[in-house]
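# Test case, fold it:
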Amino acid sequence: MQKSHETIDRLFRSHHRDLITRARRVIGSGDAEDLVQEAYLKMLESDRGELISNARGYVSKMTCTLAIDNLRRQRTHARALAEDGAWFQSPAQATHITSAFDAFCLARAVQAGLPCLP
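Below you'll find the model as predicted:
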């Protein structure tokens, strides 16, 4: 297939809804349309345009690959946020730690006072 804009335009008009549906199955509805458009752009920018014999299969595979990459990026970002959250505690956690520290200090004071009892 030669990489002509008319061919890609026809492909886009006839199959982009199917590709959006496929991307939504992988990542949900958020970025599905953007991923499909990115797949078409990659096909347009590809230096191997003349080597692509099945344009629909190529853009379909590219859409799935981009959707999986997006999903991995989201999971990595969520994991990083969770790890960073351990360093920055919420006020509720800080209150819990303060209460635990107060209880520890009280227990220490009681232990220190026990030998003084008759």
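# which SSE is the spatially most central residue of the chain in?
The chain has residue 74 as the residue nearest its centroid, 0.8 Å off, counting by CA atoms, centre = their mean. Taking DSSP states H and E as the definition, residue 74 sits inside helix 55-87.
# Any regions of the chain where pLDDT drops low?
1-4, 47-51, 85-98, 101, 117-118 (pLDDT under 70).
# what's near enough to touch the residue nearest to the residue nearest to the centre of the chain when sequence neighbours are not counted?
Ranked by CB to CB, 6 or more residues apart in numbering and with sequence neighbours excluded, the top spatial neighbour of residue 74 is residue 27, at 7.6 Å. To be clear about C-beta, it is placed using only N, CA and C from the backbone, and glycine gets the same treatment. Residue 27 is in contact with 35, 67, 70-71, 74, counting by CB atoms under 8 Å, 6 or more residues apart in numbering.
# still on that earlier bit, which secondary structure elements does the helix holding residue 74 contact?
In terms of contact count using 3 or more CB pairs under 8 Å, 6 or more residues apart in numbering; DSSP states H and E, helix 55-87 is assigned the packing partners helix 5-27, helix 32-45.
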